[in-house]
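> when you get a sec, could you give me coordinates for this:
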Amino acid sequence: MNILKRKKRVGPTRTGKRKGYVKAYSMTEMLIVLCIIGILLLLVLPSQTSVVSQAKSIEAQSMLNHLYGLQKSFFYRQSRYSTDFEEIGFEHAPTLDNGGQAVYRIEIVEASTNSFKARATSLSDFDADGNFNTWEIDEKKILKEVIKD
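Here you go, the predicted model:
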């Protein structure tokens, strides 16, 4: 007789879990987490752009230092500085314009018997402010950033 009066269980089963339900996060909780991640990204990304431009400027500095060494070597042999890359043995890496990876365009601005000045100008505007990062080096190996980006 006990068998006929048995009630159907609606609550938790013997294992303590409800049938048909899976433990998970609600849609609201997921949206809150995504909003927090977005806000954190907005705080971090502007500070990372300066790190990227600093890393790219290392390319200009190393290329200008290399050019300085070649100019000094040429000066000791010929007693003058040169404006010709081939004459001093400098081979410019292919730039972004030409399918390469170099971010800076190198040029020898002036060269005489006693002095020279070389310039590296970025091909892209790193922070979209209209200024292109520019570095210069002279015969005294004074390397300076003329235009900051």
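> now the biggest helix by length in the chain: how far from the chain's centre is it?
Of all the segments of type helix in the chain, defined by DSSP state H, the longest one is helix 27-78. Here helix 27-78 shows a centroid-to-chain-centroid distance of 4 Å under the convention Cα atoms, centre = their mean, to the nearest Å.
> could you pull out the buried residues of the next helix or strand along the chain from it?
Counting by DSSP states H and E, the next helix or strand C-terminal to helix 27-78 is helix 85-88. By neighbour count on 16 or more other Cβ atoms under 10 Å, the buried set for helix 85-88 is residue 88. No exception for glycine: its C-beta is placed from N, CA and C like everyone else's.
> who are the packing partners of the very next helix or strand once past helix 85-88?
Using DSSP H and E, the helix or strand that follows helix 85-88 in sequence is strand 104-111. For strand 104-111, the packing partners by 3 or more Cβ pairs under 8 Å, 6 or more residues apart in numbering; DSSP states H and E come out as helix 27-78, strand 116-122.
> deepest-packed of the ones you listed, please.
Scoring the helices and strands packed on strand 104-111 by mean neighbour count under mean count of other Cβ atoms under 10 Å gives strand 116-122 as the most buried, with a mean of 21.
> pull the contacting residues for the spatially most central residue of the chain.
Centroid check for the chain by Cα atoms, centre = their mean gives residue 52 as the closest residue, at 3.0 Å. By Cβ atoms under 8 Å, 6 or more residues apart in numbering, the contact set of residue 52 is residue 126.
> against residue 85, how distant is it?
Using Cβ to Cβ, to the nearest Å, we find residue 52 at a distance of 28 Å from residue 85.
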